[in-house]
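**Q** need coordinates for the below:
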Amino acid sequence: MGSSRTSARAAAFRCILNLVTCCMIAGTAAAATLEIQTLDGTVADATTSEVTSGSLDSRFTQGSFRESAARGETFWLRIHSDTRAAAGGEPNTNDIPILVVHSGMLHKFQVYPPGAGRPLPIAAHIPEFGGARDLAFVLPAEHGTVYVRVEPPGAGYGTPRFSTSTLTNFLSEGASVARVTTLTFGALAAVAIAALLMWIVLAERTFLLYSTLFALEALWVAYFSGQGFDWPWLSAAAPLTGFTWNVLSALCGAVACLFVREIADLRRAMPRHYTAFGWLAGAFMLLTFSNLIKLIGFEDLINGIGNLLFLVAAVYTLVVAFIAWRRGNRSAGWFLLAWTLLEAFTIETAVRLLVTAGRSDDHDRIIYFGLPLSIVAAALLIALGIADRLRDQRRALSEAERHAQIDALTGVLNRRSLLERLDAACLRARARGLPISLLFIDLDHFKEINDSFGHPAGDACLTAIIPPIQAELRQSDVIGRYGGEEFVVILSSADTAAAHPIAQRILERVAGVRVEGFGEPIALTCSIGVATSDMLGVWGEHLIARADAAVYAAKRSGRNRVQVAVPMAA
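**A** Alright, predicted model coming up:
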């Protein structure tokens, strides 16, 4: 279709069609010069036999057929070419000269050799971007002239272009076009399916939006490249032609707006922009349904609104993603990089379309391969952004869990986490037939310290005794704050003989601590109760209770000592 029937994004991709076709065909048949003449429009109702017999050759002129094509009128062309030049020089059985017709999918062509009553069959066709196609007609070896009847589908559907090449080159370039599109479609479909499976497992909304976005992108590439209309199942949309990629493009815009809100965490970081992207998504959905209005007119108006919406959304997305990245959102930075890559290729292609006006250029193939592959690259970059976001979430969750388990003042386990660790340690010890020991440590004269030096000094004393205690523990041992100035140490696989020396060394280390900064240095001591499962035959909190009782016995005996809990008399 003509450029008026495509969106801004479609107009950018249309450049591929013009440039690659010229590069592929004109490059392989540069030596072939076409002489195209148009049948005088005053010749009304010319029949096929009249034209192909040559009786009207004098009525063909060098005038342009653009106006007739623009008005949607049926017209005749007389095309003369050097078949040897079209074949690249001397005739070769592998170099079959062909006439290549580049047009929209709905154009109809009938190519006749001189004196023939039946048109030449289409030797091959290649779907192209933007609802276009390349048709190949084998040129008769004995004639350098053919007559072409052109029937446009209506006004505003663009002007056909003609060139010559060889069938071998034509099919080779067609395979290249199909290969790029198929690889792009396959890659996008693969990442979309993978993201969908991750959403099923993790129930993370970002994966669902990512999967939807690039599934739509895969379909868009398939249909806009024209290849999708030849594929099973997707070919069912062939009658809709341009509506397919216009609808898919609008749906991609809506999903992209919702995806930006998630990947940039706008609900929390920038709530106003979060709402704005919601409205933009609604606008794209409205644009999707507005394609139905094109059936009754207003096509130019809808295309203009769509182009403006795509432009505003693209710039706005870049700005918001940049702000989110500058505020420390790394996943937004990945998205910014991907979005910039896509927009750069789109703008570059649009500029080339305006500057070259369809002329061949040495760099056209870079754009041709770059545009589809840039979508794949963007999908991978955004996937990295999602992974980065999940890593941050997992790190934040781990940090929150750690804070929930740790005593804020001393940095050791709090009471709830300590008891959970004790239950787990007891289960393991009983299952393996191993003992477990507890040290119940109580700081001596703590109330007097608070009363004499103040609560900050008391906090400093609690913090000061942790390093000396940990210095005597193994990696498998656990310490937690039971409450106030009381601490509990879990000694895994330790019986009474092993636990008592550890407690004694902790006692000596604490006695060497001096807390300064609150006037006179504060000397510390502690009392320790030792309770072991092998001696007492109890576990869990019962073991804590017996260690606690041993501490009180140590305090009654004068403090700053270790007391081992003994079995109760029967």
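**Q** all helices for the stretch 201-350 of the chain, in order.
**A** For the stretch 201-350 of the chain, the helices defined by DSSP state H, counting those that start in this stretch cover 205-224, 242-263, 266-269, 271-290, 299-326, 330-356.
**Q** report the contact partners of the residue most central in space within the chain.
**A** The residue lying closest to the centre of the chain (Cα atoms, centre = their mean) is I382, at 3.3 Å. By Cβ atoms under 8 Å, 6 or more residues apart in numbering, the contact list for I382 reads Y210, I263, W334, F335, A338. To be clear about C-beta, it is placed using only N, CA and C from the backbone, and glycine gets the same treatment.
**Q** also P372?
**A** Per Cβ under 8 Å, 6+ apart, neighbours of P372: V180, T181, T184, V221, S225.
**Q** off-centre distance for the helix or strand where it lies?
**A** Using DSSP states H and E, P372 sits in helix 364-405. Distance, stretch centre to chain centre, for helix 364-405: 7 Å (Cα atoms, centre = their mean, to the nearest Å).
**Q** 70 is where my numbering starts, stick with that
**A** Renumbered: residue one is now 70, and that last one reads helix 433-474.
**Q** any idea which helix or strand comes after that helix?
**A** Counting by DSSP H and E, what follows helix 433-474 is helix 484-501.
**Q** moving C-terminal from that following helix, which element do we reach first?
**A** Downstream of helix 484-501, the first helix or strand assigned by DSSP H and E is strand 505-512.
**Q** and that next one with helix 484-501, angle?
**A** 150 degrees (axes from the mean of the first three to the mean of the last three Cα atoms, to 10 degrees).
**Q** re the thing from before, so for the helix holding P441, what's the average pLDDT?
**A** On average, the pLDDT along helix 433-474 is 81.
**Q** G110 and F134 touch, don't they?
**A** No. Using Cβ atoms under 8 Å, G110 is not in contact with F134; the gap is 9.5 Å.
**Q** shared neighbours, the two?
**A** Counting by Cβ under 8 Å, 6+ apart, the residues touching both G110 and F134 are F144.
**Q** between these two, tell me which one has more neighbours.
**A** F134 (20 against 15; other Cβ atoms under 10 Å).
**Q** what's the spacing between the more buried one and P229?
**A** Between F134 and P229 the computed distance is 8 Å (Cβ to Cβ, to the nearest Å).
**Q** quick one: low-confidence ranges for the protein?
**A** For the chain, the stretches flagged by pLDDT under 70 are 70-101, 152-163, 211-212, 311, 363-366, 415-437, 638-639.
**Q** W289 versus G186, what's the distance?
**A** According to Cβ to Cβ, G186 stands 43 Å off from W289.
**Q** who has more neighbours out of the two?
**A** W289 (26 against 9).
**Q** what kind of secondary structure is S127 in?
**A** Classification of S127 using DSSP: H, G, I helix; E, B strand; the rest coil returns helix.
**Q** in PyMOL, select just the buried ones from the contacts of P441.
**A** Here is the PyMOL command that selects only those of those that count as buried (16 or more other Cβ atoms under 10 Å):
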select buried, resi 249+250+253+290+294
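**Q** switch the contacts of P441 over to JSON lines; also include distance to R501.
**A** Converted to JSON lines, those look like this (distance: Cβ to Cβ, whole Å):
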{"residue": "V249", "distance to R501": "62"}
{"residue": "T250", "distance to R501": "62"}
{"residue": "T253", "distance to R501": "57"}
{"residue": "V290", "distance to R501": "60"}
{"residue": "S294", "distance to R501": "65"}
